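Visitor: Compute the structure for the input listed below.
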Amino acid sequence: QGDGVEQDPAQAVEFYRRAAAAGVAQAQHNLALCILTGSGTQKDPVEALYWYLLAADQGDAKAQFAAGVCFEIGQGTEKDGPRAYKLYKTAARLGNVK
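Guide: Now for the predicted structure:
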């Protein structure tokens, strides 16, 4: 949010990249969202899905849901309904009931 400082989406992306590369699931999820929307970086749905899946593999329910959306609509990948369903089901089991 930029509390106490000016918002700098590009700087946020750099911090997320460092933490994501170190294996922090929440940073991987946040980085994926930035990349998917083009906030602070160039849009790249394929790379966004990569980071969502890394976070999902660590049990991040929000990332599992977001990856499910990508597979359902074919964003960054081919459409894959069964894989989307599996991700949605796992996300719901972990508490993300969006």
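Visitor: Just want the phi and psi numbers for the closest residue in space to residue 80 that isn't next to it in sequence.
Guide: Leaving aside its chain neighbours, residue 80 sits nearest to residue 71 (4.5 Å; criterion: C-beta to C-beta, 6 or more residues apart in numbering). From N, CA and C alone the C-beta is placed, and that goes for glycine too. Dihedral pair for residue 71: phi -70, psi -30, per degrees, to the nearest 10.
Visitor: Output the below-cut-off pLDDT ranges for this protein.
Guide: Low-confidence segments of the chain (pLDDT under 70): 1-2, 97-98.
Visitor: Secondary structure class of residue 76, three-state.
Guide: What DSSP: H, G, I helix; E, B strand; the rest coil gives for residue 76 is coil.
Visitor: In contact with residue 24, which residues?
Guide: Contact criterion C-beta atoms under 8 Å, 6 or more residues apart in numbering gives no residues in contact with residue 24.
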